[in-house]
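Q: turn this into a structure:
(chains A and B)
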Amino acid sequence: MNQWEVVIGIETHAQLATVSKIFSGASTAFGAAPNTQACAVDLALPGVLPVLNKQAVECAIRFGLAIGAEVAKKSVFARKNYFYPDLPKGYQISQMDLPVVVGGAITLQVGLGEKAYEKVVRLTRAHLEEDAGKSLHEDFHGKSGIDLNRAGTPLLEIVSEPDMRSSDEAVAYAKSLHALVRWIGICDGNMQEGSFRCDANVSVRPKGQAELGTRREIKNLNSFRFLKEAIDFEVQWQINEIEEGRRIQQATVLFDPDTGETRMMRSKEDAHDYRYFPDPDLLPLIISSDWIARVQGELPELPGQMRERFVNELGLSTYDATTLTASQEMADYFESTVAIAGKANAKPCANWVMVDLAARLNKEGRELTESPVSAAQLAGLVQRIADNTISNNIAKKVFEALWNGDGDNADEIIEKQGLKQITDSGAIESLVDEVLAANAANVAEFKAGKEKAFNALVGQVMKAAKGKANPQQVNDLLRAKLSG
Amino acid sequence: MLRLGGAVEKTFMIPYNAFHFKTLCTAIKSLGTMSLTLEQVKRIAHLARIEVSESEALSTQGHLNGIFQLIEQMQAVDTTGVEPMAHAQDLSQRLRADLVTEADHRAAYQAVAPETEASLYLVPKVIE
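A: Alright, predicted model coming up:
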């Protein structure tokens, strides 16, 4: 793929965290019985008028401020006209020429470890609109069934510039955006329930060419894995087409997760002509500077700002800081741990949260918020490692005990189970002597230059000490005795 | 606010704005002339899901092109420095608090629907 450059832009629909719909007072709660949350406005019964939900606008303002965009003082709602049975009005209320959020950018970390790099993706715009209902095509005597509970649910459509150059960058962007909308509390981010879904505009061009290739839009990707698979398939397909002498036709395609392929939904010829025009039922949306200032004042510290603080003040690597700021819950947990364990222990706290705790949660399929080990308990554990009361190995035992509720805190468990590290050099020395006397073969091997034999001896001493001897002291004493 | 001669203003009840009006004009201009072909009329009718007979299409073409002549006249007005207007009333959108105020009236709504099943509204089969 050397000579081809991939160009990706992403449109995201984020369902806004409101209790009522964008233009009506019907509930937006997920999972209600069909059509119980579709009121006269949502059904487009004659004579109804839309009234804009203030909270939906506030969500848009929060988002605009969080990405450093311009929040439009004046924006306009427009009608996007098309016919589909789950759109009772015959048009969707959206925004076209004057969207509520203009510009902005998101900084992402792409990749892991040494290969990781930073990338800025510019945003074109974000606008408010309403969701459509749902069509069910199971057999109702050859008819389709319509559930309008979702009709009128507030959405923020977030449009990126075509700044991404690989499926990895696209996924990193989607993940960052997903974390951000949850962080600032404007969207629950539930992808299974469709609260966060992406369309990817994909094209390829010969490396070095300034002009963009013809794009195809992959619709409705509701998982990060599908986003990656769909883009990878689509890119390869487009390259093959071009290399075999065919031209790419602009089209909308769907991704089939079962086959891993994209297939055409409609070509440009039968593309929708939406005939947008300003909605006469809605007046221009005016957002005052006071309102923007108030929302600005209420914004939490953003993931990017927190990441920098973790690097600068706590000395964490960019990778650790990025991982810990992937969600508000993770960041909160980590900060609470450090608050007790102390800034000097930030690195071990980070490791315990990102590695041990994360693995344990993952194993049981639990969320961080459901962790049986609290931040305070974990901090207590980290402190006992730091002051040499227990070794890292023993700490894993204590962690397991905390997880199982065998004690209220690390100190209690260490005490109860007699896990306190042996640091008395006299006690360790006698253990070392015993082991040396009983393992003459290992001693001889070591003296013959086999370093492995040394590790075996360390293991024997630790075994004799039931894992409680300070490993460094054991090492030092053994070396001294063997070289003596 | 776009100010026009009396007769024009009365006939062309501008529900929208100069801004949209300009967009429309640009769109029409891109067609070459300020008039629609019969094919374009049929396409618009199809997009709006309105069934028109040949004679209706012809008369509609006449009506629409009449409007475009009007627009041509209006384009002569110098709108430099006129701020685009999004609505005929110089007001801004009222906002409502985010509260659930609508109770479930499904039974009443479905009582007047042509066909329902399993609480769903039934429509002729659509699959895209």
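
Q: so for the spatially closest residue to A:Gly145 that is not a sequence neighbour, what pLDDT did the model give?
A: Distance criterion C-beta to C-beta, 6 or more residues apart in numbering or on different chains; nearest residue to A:Gly145, sequence neighbours excluded, is B:Leu120 at 3.2 Å. (Glycine included, C-beta is placed from N, CA and C.) At B:Leu120, the pLDDT value in this model is 96.

Q: tell me how many other residues crowd B:Leu120.
A: 24 (other C-beta atoms under 10 Å in any protein chain shown).

Q: touching, it and A:Leu136? I think so.
A: Yes. Counting by C-beta atoms under 8 Å, B:Leu120 does reach A:Leu136; the two are 6.4 Å apart.

Q: need the phi and psi values for the residue nearest to A:Gly145.
A: For B:Leu120, the backbone dihedrals (degrees, to the nearest 10) come out as phi -100, psi 150.

Q: contacting residues for it?
A: Residues near B:Leu120 by C-beta atoms under 8 Å, 6 or more residues apart in numbering or on different chains: A:34-35, A:136, A:140, A:145-147.

Q: and if we set it to 6 Å?
A: B:Leu120 is in contact with A:34, A:145-147, counting by C-beta atoms under 6 Å, 6 or more residues apart in numbering or on different chains.

Q: nearest to chain B among those?
A: Nearest to chain B among these is A:Gly145, at 3.2 Å by C-beta to the nearest C-beta.

Q: next, that closest one: secondary structure please.
A: When classified by DSSP: H, G, I helix; E, B strand; the rest coil, A:Gly145 comes out as strand.

Q: quick one: contacts for it?
A: Going by C-beta under 6 Å, 6+ apart, the list of residues near A:Gly145 reads A:136, B:120, B:122.

Q: buried residues in whichever strand or helix holds the last one?
A: Mapping B:Leu122 onto the secondary structure by DSSP states H and E places it in strand B:120-124. Taking 16 or more other C-beta atoms under 10 Å in any protein chain shown as the basis for neighbour counts, the residues of strand B:120-124 that come out buried are B:120-123.

Q: if I look at A:Val120, how far off is A:Glu130?
A: Distance, A:Val120 to A:Glu130, by C-beta to C-beta, to the nearest Å: 31 Å.

Q: more neighbours: which of these two?
A: Between A:Val120 and A:Glu130, counted using other C-beta under 10 Å, the more crowded position is A:Glu130 (26 against 9).

Q: surely that one is in contact with A:Gly152?
A: Yes. Counting by C-beta atoms under 6 Å, A:Gly152 is a contact partner of A:Glu130 at 4.9 Å.

Q: stretch A:282-293: end-to-end distance?
A: In stretch A:282-293, first residue to last residue: 25 Å (C-alpha to C-alpha, to the nearest Å).

Q: which parts of chain B are strands?
A: Along chain B, the stretches classed as strands by DSSP state E are B:95-96, B:116-117, B:120-124.

Q: the second one pairs with which strands?
A: In other words, strand B:116-117. On the basis of DSSP bridges, the sheet neighbours of strand B:116-117 come out as strand B:120-124 (antiparallel).

Q: how far does the partner strand sit from its chain's centre?
A: 27 Å (C-alpha atoms, centre = their mean, to the nearest Å).

Q: pull the CA atoms of that strand into PDB?
A: What follows is strand B:120-124, C-alpha atoms only, in PDB (Å, rounded to 0.1, in the frame of the first residue of the first chain):
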ATOM      1  CA  LEU B 120     -46.500  -0.600  16.000                       C
ATOM      2  CA  TYR B 121     -47.900   1.500  13.200                       C
ATOM      3  CA  LEU B 122     -48.100  -0.600  10.100                       C
ATOM      4  CA  VAL B 123     -47.100   0.800   6.700                       C
ATOM      5  CA  PRO B 124     -46.500  -0.800   3.300                       C
END
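
Q: got the angle for that strand vs strand A:143-147?
A: 140 degrees (axes from the mean of the first three to the mean of the last three C-alpha atoms, to 10 degrees).

Q: and A:Thr252, what helix or strand is that in?
A: Counting by DSSP H and E, A:Thr252 is found in strand A:251-256.

Q: what is that strand packed up against?
A: The contact analysis (3 or more C-beta pairs under 6 Å, 6 or more residues apart in numbering or on different chains; DSSP states H and E) places strand A:251-256 against strand A:216-221, strand A:261-267.

Q: what's near enough to touch residue 106?
A: No chain in the question, so chain A it is. So, once contact is read as C-beta under 6 Å, 6+ apart, A:Ile106 ends up touching A:67, A:121, A:176.

Q: switch to chain B, that's the one I care about
A: By C-beta under 6 Å, 6+ apart, the neighbours of B:Arg106 are A:35-36.

Q: hey, what's the residue nearest to A:Gly145 bridged with?
A: Residues in a beta bridge with B:Leu120, per DSSP bridges, are B:Glu117.

Q: any idea which of the helices and strands packed on strand A:251-256 is most buried?
A: strand A:216-221 (a mean of 20; mean count of other C-beta atoms under 10 Å in any protein chain shown).

Q: alpha carbons of the next helix or strand after that strand, as CSV, please.
A: Next helix or strand after strand A:216-221 toward the C-terminus (DSSP H and E): helix A:224-243. Extracted C-alpha coordinates of helix A:224-243, given in CSV (Å, rounded to 0.1, in the frame of the first residue of the first chain):
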residue,chain,number,x,y,z
PHE,A,224,-14.9,0.7,17.1
ARG,A,225,-14.1,-2.7,15.8
PHE,A,226,-16.6,-2.4,12.9
LEU,A,227,-15.2,1.0,12.2
LYS,A,228,-11.7,-0.4,11.7
GLU,A,229,-12.8,-3.5,9.8
ALA,A,230,-15.1,-1.5,7.5
ILE,A,231,-12.5,1.0,6.6
ASP,A,232,-9.8,-1.6,6.1
PHE,A,233,-12.0,-3.5,3.7
GLU,A,234,-13.2,-0.4,1.9
VAL,A,235,-9.6,0.9,1.4
GLN,A,236,-8.5,-2.4,-0.1
TRP,A,237,-11.5,-2.6,-2.3
GLN,A,238,-11.0,1.0,-3.6
ILE,A,239,-7.3,0.3,-4.3
ASN,A,240,-8.1,-2.9,-6.2
GLU,A,241,-10.8,-1.1,-8.2
ILE,A,242,-8.4,1.6,-9.2
GLU,A,243,-5.5,-0.7,-9.9
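
Q: okay, now the unreliable bits of the chain?
A: The chain I'm using is chain A. A:1-2, A:113, A:268-272, A:484 (pLDDT under 70).

Q: that's the wrong chain, I meant chain B
A: The low-confidence ranges in chain B, as defined by pLDDT under 70, are B:1-33, B:127-128.

Q: all helices for it, in order.
A: Under the criterion DSSP state H, chain B contains helices at B:6-11, B:18-30, B:38-47, B:54-75, B:106-111.

Q: what's the neighbour count on the spatially closest residue to B:Phe68 that is not a sequence neighbour?
A: Among residues not flanking B:Phe68 along the chain, B:Met34 sits closest, at 4.5 Å (C-beta to C-beta, 6+ apart). Look at B:Met34: counted by other C-beta under 10 Å, it has 16 neighbours.

Q: same question for A:Gly103.
A: Using other C-beta under 10 Å: A:Gly103 sits among 15 other residues.

Q: what sits closest to it if chain neighbours are left out?
A: A:Ala69 (4.7 Å).

Q: my guess is that neighbour contacts A:Gly104. True?
A: Yes. Contact criterion C-beta under 6 Å: A:Ala69 and A:Gly104 qualify, at 2.9 Å.

Q: from B:Tyr121, how far out is the closest residue to B:Val126 other than its chain neighbours?
A: Of all residues not flanking B:Val126 in the chain, A:Ser144 sits nearest, at 5.2 Å (C-beta to C-beta, 6+ apart). Distance, A:Ser144 to B:Tyr121, by C-beta to C-beta: 9 Å.

Q: A:Leu123 and chain B, how far apart?
A: 23 Å (C-beta to the nearest C-beta, to the nearest Å).

Q: dump the residue contacts of that residue.
A: With contact set as C-beta under 6 Å, 6+ apart, A:Leu123 has these partners: A:67, A:104, A:160.
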